[in-house]
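K.L.:
Build me a model from this:
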Amino acid sequence: MDNKELLFKGLKYSIGAIPLMFLGPILIHNAFMNKHTNWHYLVLGIGIFICITSVSLMFKGIKIIMKSLFDGNDN
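P.N.:
Below is the predicted model of the structure:
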């Protein structure tokens, strides 16, 4: 796999994580504002899951980007 292809793959992961970075905290905030409903725990769980997914996608993206930038140079 070419370094440029690996770089774009890492960028795809990182760009995919950006909307989740906003959606997760919004859902968590919404869950805490609506404690009186029965859906509170479900929305909170989904928000936490989205936040964890966002962090893991961003970590994976940065890891792939670093691999594409620094592993191919055997000077």
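K.L.:
dump the residue contacts of the residue nearest in space to the middle of the chain.
P.N.:
Residue closest to the average C-alpha location in the chain (C-alpha atoms, centre = their mean): Ser54, at 2.0 Å. Applying C-beta atoms under 8 Å, 6 or more residues apart in numbering, we find Ser54 in contact with 17, 20-21, 24. Just so you know, the C-beta spots here come from the backbone N, C-alpha and C atoms, and that holds for glycine as well.
K.L.:
Can you flag the buried ones in those?
P.N.:
Neighbour-count burial (16 or more other C-beta atoms under 10 Å) is assigned, among the contacts of Ser54, to 17, 20, 24.
K.L.:
Which parts of the chain are helices?
P.N.:
Here the chain has its helices, by DSSP state H, at 3-33, 40-70.
K.L.:
quick one: the nearest residue to Met21 once chain neighbours are set aside and His40, what's the gap?
P.N.:
Computed as C-beta to C-beta, 6 or more residues apart in numbering, the closest residue to Met21 that is not its neighbour in sequence is Ser54, at 4.9 Å. Computed as C-beta to C-beta, to the nearest Å, the Ser54 to His40 distance reads 21 Å.
K.L.:
what number of residues lie near Leu23?
P.N.:
Look at Leu23: counted by other C-beta atoms under 10 Å, it has 16 neighbours.
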